[in-house]
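Asks: What follows is a predicted protein model with its sequence.
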Amino acid sequence: MATALRCVGTNACSGIMEEVRVAFKGAALVATEDATLEEDYNKDDDDESIDIEYTDDEEENEPNEYDDTDDIEEEETKDDEDEEEEYNFDDETDNSGIGVERAKFESFYYEQWIFSDIIDVWCILLNHKEFRRSNSGQSKLFCNTQVTPASMTNEDLSKDQRFENFEESVYLVACLVDEYVANFLNVFFNILRDSHYYIICFNLKYQKMIDNRLSDTEADEGSKISEIDLISKLYGKLPFVLINFFCDYLKKKNHPKFHIMRFCKPNILKMAWRTRRNESDCGIFVMRHMETYNGQKVEEWNSGFRNEGEGQQGQLKTLRRKYVAKILLSDENLHRKKIISESIEFLSLPAEDKKHRLKQKTESSSS
């Protein structure tokens, strides 16, 4: 069976609710029919932005990764070859999924807070990529925000009940095959608390906490407080509950390293690019962190980010464009051809017509 993520959107012109599926091998995503890249490619074209420097083993070497609109026409011809295979996944994804409204993709606008559904979509895409290349390179599993809900630390629920919910969520993320989890070296858990995203990463030897935010507590008291006390003060009970649940999960699945994990202590990665004045880009940071972190020491980790400042802001702006393109134009999107066609049509319009259409969409959305 395949897991699914379902996205339902509203056609801005007719107001009719329409559902469009985007299927994946081992997972599925659904994007909206009218969620083209019109705004993304037309917005701030004259602004100078700073590209992320990709390492050799990243997506730039993968087929169908979009950094520019020049690649779109090539992809449209490719779509005819892949269409039959894509629809083969249709029956598998009919009955399971979560809802994502079209408007949530607009959170990719610069300086907008990214909705958790988008993070969950990104996890699906990254997991699909890992499943495709599982026989080569680093093996990673990405757990979405629904695996670590607020109820995980709710003591009104019994520990057994909370663990059962956790176990089921991991089972679904691993595409209904528990044995997959034993083969992963790095397992990423995405946490959303108080409108802030961060990651707890297990590499089955130790736990790392990855947070783009440099808190005032750490900045002011970092040298005067133990790592465990700092984590407890910043993140509360959740990291420790998650560690216990994940170790219990590994034990139940007879993983050979569960006993090692039990005695490891978490620590916060001290990345040079952490921020103190950025409240809106934590979603983009976690997307990039999942994409580039492989369990290495922080000094060996090349995320491509500059330190906080104007240069980093340009990089974040670039990543917003790249990530929305990667999601909507992925090979597994059954309606990729329509999105590409609409984007090409929009890009061919005169500048004044583009502005007029964008104005109409803005007025329609606000009414």
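Replies: Sure, I can see it. Residues are numbered from 1 along each chain as shown.
Asks: where does the stretch 51-200 of the chain dip in pLDDT?
Replies: Applying pLDDT under 70 to the stretch 51-200 of the chain flags the ranges 51-100, 134-138, 175-182.
Asks: does Gly314 count as helix, strand or coil?
Replies: Of the three states, Gly314 takes helix according to DSSP: H, G, I helix; E, B strand; the rest coil.
Asks: Near it, how many residues? Count them for me, please.
Replies: 17 (other C-beta atoms under 10 Å). C-beta: built from backbone N, CA, C; applies to glycine.
Asks: Can you check the pLDDT for it?
Replies: Gly314 is assigned 96 on the pLDDT scale.
Asks: Check which helix or strand Leu349 maps to.
Replies: Counting by DSSP states H and E, there is no helix or strand that carries Leu349.
Asks: do you know how far Leu242 is from Val121?
Replies: Per C-beta to C-beta, to the nearest Å, Leu242 is found 22 Å from Val121.
Asks: Which one's more surrounded, those two?
Replies: With neighbours defined as other C-beta under 10 Å, Leu242 and Val121 compare such that Val121 has more, 27 against 23.
Asks: doesn't Ile327 make contact with the more buried one?
Replies: Yes. In terms of C-beta atoms under 8 Å, Val121 counts as a neighbour of Ile327; the distance is 5.9 Å.
Asks: Phe285: what's its closest spatial neighbour, skipping adjacent residues?
Replies: Sequence neighbours aside, Asn212 is the residue nearest to Phe285 in space, at 3.7 Å (criterion: C-beta to C-beta, 6 or more residues apart in numbering).
Asks: Report how many residues lie close to that neighbour.
Replies: The local packing of Asn212 (other C-beta under 10 Å) involves 26 other residues.
Asks: Can you give the contact residues for stretch 157-171?
Replies: For stretch 157-171, contacts defined as C-beta atoms under 8 Å, 6 or more residues apart in numbering pick out 143, 146-147, 149, 151-152, 154, 178, 181, 241, 245, 248-249, 252.
Asks: Relative to Pro350, which of the residues you listed is nearest.
Replies: Gln146 (44.2 Å; C-beta to C-beta).
Asks: so how far is Phe285 from the closest one?
Replies: Distance, Gln146 to Phe285, using C-beta to C-beta: 20 Å.
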